[in-house]
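1. next input, structure requested:
(chains A and B)
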Amino acid sequence: MLASLGRSVLAAVASFGRLGRFLGDTVRALAEARTWAPLTFQQMRRLGVDSLPITLFIAAFTGIVLALLASYAMTNYVPPYLVGTLVGKTMILELGPVLTGLALAGRVGANIAAELGTMRVTEQVDALETLAYDPYAYLVVPRVLAGTVMFPVVVAFAMAMGVFTGWLSATTLLPVSTAEFVRGLRLFFVSFDVQYGLIKSASFGFVITLIGCFLGFTTRGGAEGVGRATTRTVVYSAEMILVLDAYWAVTLLRTQVAA
Amino acid sequence: MIDFRDLHKAFGANQVLDGFSLTVRDGETMVIIGYSGTGKSVAVKHVVGLLEPDAGEVAVDGQVVGSLRRRELTELRASIGFVFQFAALFDSLSIFDNVALGLQRRRSMSEAEIETRVAESLKLVDLAGTERHMPAELSGGMRKRVGLARAIALRPKYLIYDEPTTGLDPVTSAVIDRLIVRTREALGVTSIVITHDMRTAYTVGDRIAMLYQGRIRQVGTVDEVRATTDPVVRQFIEGRPDGRAAERASIGGASGAFAQEEEG
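-> Residues are numbered from 1 along each chain as shown, chains lettered A, B, ... in the order given. Take a look at the predicted model:
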C-alpha cells in the first residue's frame, strides 16, 4: 500500500518534471520566430475560427436556458429586468468561458493530442528533427500561441451569442421587454467583467493546448498510446479548467469585491 | 567518417546496446544486419542526436554528437539524410511540401531553385510528377521512395536508411535496392543501411556488420561475411530457424523496451 502510494507520488513528480522541461523547451523555441510565426496564423484559423460553430451552438442554448431559469427562479420576487442582469453576468463571467473551455478541451485538446501523438509514433517528429527543425518551434509554439490568443476571441463570440439568445427568449417567451432586458444588462455591468472572462479564457486556451501538445509529444505505444493521450488530454484539461476557474475567482474576483 | 565508440544504451532493465563500436568510412555503404529489435535503429538514431547514449559516444567527422550545442547539432543534422522505416512523411503536406520542407528550412535557396531541386529528387527515385499528391494517395513503396527523395533533396554527405525494404514485396524491394545504389553513385554519399534482408545487404553494401546482443559480432566485406565461419552470423545470413543464435535473439525487441521505458 505504502509502496504503491510512493510509486504514485514519484510518478507524479516525474510527470511534473517532464512537463516543466517541456515548457522550458517551448519557451526556448520562441527564439525560432521564422519557423513558428507563419504556422501560428494557420493554427489560429484551425483552433479558433473552426471552433466557432460548436461554441456558438453551445452558447445559444445556454443563453435561452439562462433567461428561462432566471425568470423561473425570481418570479414574484424581483423585477423582471433582472433577467438581463443574470443572463449577462453569468454568460460573461462564468458560463461563456467555462462551457466554451470544456467544449474546446474536447475539440481542440483532443485534436492536438491525437495529431501530435500520431506524428510521434509514426516518427514524423523525429523526421522534423532530422530535417533540422526544432519540433517545439514547428509544432508546439504555434498551437499554444494560437490557443492562448484565439480562445478569448471565441469566448467573446460565445458571450455575445448567449446574451443575444437570452434576450431573444426573454422577449419572446417571457413578459420582459427589450428595454427592460437591456436595462438589467447594463445595471451592474462593469468592463472588468469582460476582462475577467477573457483573461480566464486565455488561460484555458493556454493549458488546453499545452496539455494536448505535451501528452501528444510524449505518446508511446502506437494507436493505443494515441488513444490514451487523447483521453488524458480531455480529462486533464477539464480538470485544469475547473481549477483555473476557482483560481481566477479567488485571485481576481475576491480582490475586486474587497476593493 | 562516422565512429560509434563503445556505445551503451538501456531502456529500463533491457540493455540494448552494450559496447557497440563501429567505424563507417567515407564513401562506403555500411550495412548493419541483426535480428529484429536488437537495437539497430537505436544505434543509428544516436548519429543524429535523436537518442543520447548512457555511455560511449558517436563522432561524425570528429564531432562528438552528444557534446554539440543546439545550433551545431542542427548544422550536423543538415548534413545527414535519414530515411525512416515507414517513411515518416508528413500526412498533412503534399509530396512537394514534404520534399521541400528541409530545403525551406535552410533559407539559402529561392522558390524556383527549391522547385527544381524537388523535381530532380523525385525524378531520381522515379516519382517525377507526383508533387501534387498527398502521402495517403501513395503505396508503401512509393512513400518510401518519397522518404528517400526528401533525404537526398538536401544533398547530404551521409544517408541513413532504417530498414528501407521492410514490408515491401520482392520486386519493390529490388527497386529500392537499386535506388540506394544509384543514389550513392549519383551523389557520392556515405551510407548506413539497417536491414535484416540479406538480399538488400549483399546488393547495396560495401561492408556488412552484424549487431548481436548489443555489440558488433562481425564486420567485413560482403565476401568476407558470405564466407564467415562464425556460427551466429552464419545462422543469420542463411536464415536457419534452429540454433544458438535464434534462441538468444531478442524477442521483445529494443523498440518494445523503449516504449515500456517511456510508459513508466
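
2. rest of the way, CA atoms for contacts and neighbours
-> Noted.

3. list of residues touching stretch B:41-51?
-> Here stretch B:41-51 makes contact (C-alpha atoms under 8 Å, 6 or more residues apart in numbering or on different chains) with A:126, A:129-130, B:2, B:17, B:52-53, B:58-60, B:65-66, B:73, B:76-77, B:80, B:160, B:162, B:194, B:254-255.

4. list the buried residues for the helix or strand hosting A:Leu145?
-> Element membership for A:Leu145, per DSSP states H and E: helix A:141-173. Within helix A:141-173, the residues that count as buried by 16 or more other C-alpha atoms under 10 Å in any protein chain shown are A:141-171.

5. same check on stretch A:213-233?
-> Buried residues in stretch A:213-233 (16+ other C-alpha under 10 Å): A:213-221, A:225-233.

6. now do stretch A:23-32
-> The neighbour-count criterion (16+ other C-alpha under 10 Å) identifies A:Leu23, A:Asp25, A:Thr26, A:Ala29, A:Leu30 as the buried residues of stretch A:23-32.

7. okay, now the spatially closest residue to the second one that is not a sequence neighbour: neighbour count?
-> Spatial nearest neighbour of A:Asp25, excluding adjacent residues (C-alpha to C-alpha, 6 or more residues apart in numbering or on different chains): A:Tyr136 at 6.9 Å. Counted by other C-alpha atoms under 10 Å in any protein chain shown, the residues lying close to A:Tyr136 total 25.

8. residue contacts, A:Tyr136?
-> Contacts of A:Tyr136 by C-alpha under 8 Å, 6+ apart are A:Asp25, A:Thr26, A:Ala29.

9. list phi and psi for it.
-> phi -70, psi -40 (degrees, to the nearest 10).

10. roughly how far apart are it and B:Thr172?
-> For A:Tyr136, the distance to B:Thr172 equals 36 Å [C-alpha to C-alpha, to the nearest Å].

11. quick one: low-confidence residue ranges for the chain.
-> The chain I'm using is chain A. Applying pLDDT under 70 to chain A flags residues A:76, A:257-259.

12. could you do chain B instead?
-> Using pLDDT under 70, chain B drops low at B:243-264.

13. spatially speaking, which residue is in the middle of the chain?
-> With no chain named, the answer covers chain A. A:Gly101 (3.0 Å; C-alpha atoms, centre = their mean).

14. you answered for a different chain; I wanted chain B.
-> B:Tyr161 (2.6 Å).

15. what are the phi and psi angles of that residue?
-> Dihedral angles of B:Tyr161 (phi, psi; degrees, to the nearest 10) stand at phi -110, psi 120.

16. my guess is it meets B:Ile194, correct?
-> Yes - B:Tyr161 is within contact range of B:Ile194, at 6.0 Å (criterion: C-alpha atoms under 8 Å).

17. which bits of chain A sit near chain B?
-> A:11, A:119, A:122-124, A:126-127, A:129-133, A:220-221 (C-alpha under 8 Å from any C-alpha of the partner chain).

18. re earlier: summarise which helices and strands the helix holding A:Leu145 is packed against.
-> helix A:33-43, helix A:52-74, helix A:82-90, helix A:96-104, helix A:178-187, helix A:191-217 (3 or more C-alpha pairs under 8 Å, 6 or more residues apart in numbering or on different chains; DSSP states H and E).

19. for the stretch 101-250 of chain B, which residue gets nearest to chain A?
-> At 5.0 Å from chain A, B:Gly102 is the closest residue in the stretch 101-250 of chain B, using C-alpha to the nearest C-alpha.

20. quick one, phi/psi of that residue?
-> Dihedral pair for B:Gly102: phi -60, psi -30, per degrees, to the nearest 10.

21. so it makes contact with A:Glu129?
-> No - B:Gly102 lies out of contact with A:Glu129 (C-alpha under 8 Å); the separation is 9.9 Å.

22. where does B:Val16 land in three-state SS?
-> What DSSP: H, G, I helix; E, B strand; the rest coil gives for B:Val16 is strand.

23. against chain A, how distant is it?
-> Per C-alpha to the nearest C-alpha, to the nearest Å, B:Val16 is found 18 Å from chain A.

24. for B:Ile32, list each beta-bridge partner.
-> B:Ile194, B:Ala209 (DSSP bridges).

25. what is the burial count for residue 34?
-> I went with chain A, as the question did not name one. Quick note: A:Arg34 (other C-alpha under 10 Å) scores 12 neighbours.

26. nope, chain B please
-> Residues lying near B:Gly34 (other C-alpha under 10 Å) number 24.

27. if we can go back for a sec, now the contacts of A:Tyr136 as JSON lines including secondary structure and distance to A:Ser51?
-> Compiled in JSON lines, those are given as follows (DSSP: H, G, I helix; E, B strand; the rest coil; distance: C-alpha to C-alpha, whole Å):
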{"residue": "A:Asp25", "secondary structure": "helix", "distance to A:Ser51": "28"}
{"residue": "A:Thr26", "secondary structure": "helix", "distance to A:Ser51": "24"}
{"residue": "A:Ala29", "secondary structure": "helix", "distance to A:Ser51": "26"}
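
28. picking that back up, how close does the residue of the stretch 101-250 of chain B closest to chain A get to A:Val155?
-> B:Gly102 is 37 Å from A:Val155, by C-alpha to C-alpha.

29. one more: A:Val9?
-> 36 Å.

30. that older thread, for the residues of chain A next to chain B, which one is nearest B:Ala153?
-> Taking C-alpha to C-alpha as the measure, B:Ala153 lies nearest A:Leu131 of the residues of chain A next to chain B, at 10.6 Å.

31. next, count neighbours for B:Ala10.
-> B:Ala10: 20 neighbours (other C-alpha under 10 Å).

32. can you report phi and psi for it?
-> The phi/psi pair for B:Ala10 (degrees, to the nearest 10) is phi -120, psi 150.

33. contact partners for it?
-> By C-alpha under 8 Å, 6+ apart, the neighbours of B:Ala10 are B:Val16, B:Leu17, B:Asp54.

34. list buried residues within these.
-> For those, buried by 16+ other C-alpha under 10 Å: B:Val16, B:Leu17.

35. JSON lines please, covering the contacts of B:Ala10 and showing distance to B:Arg117.
-> Compiled in JSON lines, those are given as follows (distance: C-alpha to C-alpha, whole Å):
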{"residue": "B:Val16", "distance to B:Arg117": "39"}
{"residue": "B:Leu17", "distance to B:Arg117": "38"}
{"residue": "B:Asp54", "distance to B:Arg117": "39"}
